[in-house]
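>>> okay, sequence plus prediction incoming.
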Amino acid sequence: DTAVSQTPKYLVTQMGNDKSIKCEQNLGHDTMYWYKQDSKKFLKIMFSYNNKELIINETVPNRFSPKSPDKAHLNLHINSLELGDSAVYFCASSQDTLGGIETQYFGPGTRLLVL
Amino acid sequence: AQSVTQLDSQVPVFEEAPVELRCNYSSSVSVYLFWYVQYPNQGLQLLLKYLSGSTLVKGINGFEAEFNKSQTSFHLRKPSVHISDTAEYFCAVSKIQGAQKLVFGQGTRLTINP
């Protein structure tokens, strides 16, 4: 009964490769997010989608491309991976994006290591 | 733009002792305030949030936080901690208007010693 799930949990890959991380939520929420947590535990939002539409796009290299096939899924594709992409990537979801009051529910994270 | 500063990167405490984790924020607009907890190798879980009303907010696991608008602070407290409270704690803010975007502090590592 996992509310927000991510696959894979761990991802080890070589520089230059392309990889995808998948996220699914079964909470019926309208909005989904991707966050990056660096090696110093600093968390920063990358993207947010509401009903499959992009609403937040922070200053992220265009090698990162989110894709939302439906409102329950938000996948993250990364092209030409670099060493600095090594981090933990968290997916989250919330009921509604307006007003900023809805609790965001986080997935367990995907630990990406680029060698 | 909003920013959040957690004044202590690490806080060691003995079991059953009280603890306070400090958080200050900066914003030119009104914000909501949150505390999230991250247990080892897990995602973030909401502890509590301040939206409006009483400045003292109670959350899960016996935690509470007090919003102080004049000092732009939202410190987290627990009167008696347990070993199971060992985790990373994140303070965050979100603008009241517009798309919700959590802006996090750097985190405070709370370590409970027996």
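Right, received. Where do you want to start?

>>> can you tell me the helix or strand for B:H75?
Counting by DSSP states H and E, the element that carries B:H75 is strand B:73-78.

>>> same thing with A:G28?
Secondary-structure element containing A:G28, defined by DSSP H and E: none, the residue being outside all helices and strands.

>>> need the contact list for it.
Applying C-beta atoms under 8 Å, 6 or more residues apart in numbering or on different chains, one finds that A:G28 lies in contact with A:Q95. The C-beta positions use only the backbone N, C-alpha and C, and glycine is treated the same way.

>>> could you tell me which residues make contact with residue 31?
I'll assume chain A. Contact criterion C-beta under 8 Å, 6+ apart gives A:S48, A:Y49, A:N50, A:N51, A:I55, A:S93, A:S94, A:Q95, A:D96, A:T97, A:E102, B:Q100 as the residues in contact with A:T31.

>>> my question was about chain B
Contact analysis of B:V31 by C-beta under 8 Å, 6+ apart lists A:G100, B:Q2, B:Y25, B:V93, B:S94, B:K95, B:I96.

>>> and if we set it to 10 Å?
Contact criterion C-beta atoms under 10 Å, 6 or more residues apart in numbering or on different chains gives A:100, B:2, B:4, B:25, B:50, B:72, B:74, B:92-97, B:103 as the residues in contact with B:V31.

>>> sorry, back to before: hmm, the strand holding B:H75 touching chain A?
No - judged by C-beta under 10 Å from any C-beta of the partner chain, strand B:73-78 and chain A are separated, with a smallest distance of 14.9 Å.

>>> and the next element down the chain from that strand?
The first helix or strand that comes after strand B:73-78 along the chain, using DSSP H and E, is strand B:87-95.

>>> who are the packing partners of the following helix or strand past that following strand?
Per DSSP H and E, the first helix or strand lying C-terminal to strand B:87-95 is strand B:103-104. Applying 3 or more C-beta pairs under 10 Å, 6 or more residues apart in numbering or on different chains; DSSP states H and E, we find strand B:103-104 packed against strand A:43-50, strand B:3-6, strand B:31-38, strand B:87-95.
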